[in-house]
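*Asks:* Coordinates for the following, if possible.
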Amino acid sequence: MSEIVKIRDLLSCWTYQQLQGFLTLHDVLEREGIEFEELKEFITEHKKELVARVSKPRKKSSLNKLLLWRNRGKKCPECGAIMWPYPVNTEPRNQVGGDFKMQLICEHCNNELFLTIDEDQLLKKYGIV
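*Replies:* Predicted coordinates for the structure are as follows:
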């Protein structure tokens, strides 16, 4: 069996994006002088911090709020598209510092706004709740 077939079979269970992420990580490790064994050790020690929160299906009421948000929500000051709300400073992975509770991200130009109000207050402000 040729080397190419072996490599193709070995890598067939990963998506192109995952493989690109691996190559990027490899380049960063090489540039920073970090050995692969050090990375494995770090991941093993900090597994709980690195594991993403398991996403749960949204409740129907949450979906209705999102649909209303799409019609009445905050528009991006740069391009006019809808800015989507995301909670921040609620867990180790989404810390941004300060007393911010929400982040609005534009779906087109990736403009970001940080707010000190939480999701319920934001929805009330725009007449959604």
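
*Asks:* And the helices in this protein?
*Replies:* Per DSSP state H, the chain carries helices over the ranges 3-11, 16-32, 36-45, 47-50, 60-72, 119-125.

*Asks:* Please identify the most buried of those helices.
*Replies:* By mean neighbour count, with neighbours taken as mean count of other C-beta atoms under 10 Å, helix 119-125 ranks first of the helices of the chain at a mean of 15. For every residue, glycine as well, the C-beta is placed using N, CA and C.

*Asks:* circling back: mean pLDDT for the helices of the chain: which is lowest?
*Replies:* Lowest mean pLDDT within the helices of the chain: helix 60-72, a mean of 63.

*Asks:* Show me the chain divided up by domain.
*Replies:* 3-50, 60-125 (automatic domain parsing).

*Asks:* Please state the offset of the last one from the chain centre?
*Replies:* In this case it means domain 60-125. Its chain's average C-alpha position is 13 Å from that of domain 60-125, according to C-alpha atoms, centre = their mean, to the nearest Å.

*Asks:* shift numbering so it begins at 496
*Replies:* Sounds good: first residue 496 from here, last item domain 555-620.

*Asks:* wouldn't residue 582 be in contact with residue 614 here?
*Replies:* Yes. Counting by C-beta atoms under 8 Å, residue 614 is a contact partner of residue 582 at 6.4 Å.

*Asks:* and for those two, which residues touch both?
*Replies:* 596-597 (C-beta atoms under 8 Å, 6 or more residues apart in numbering).
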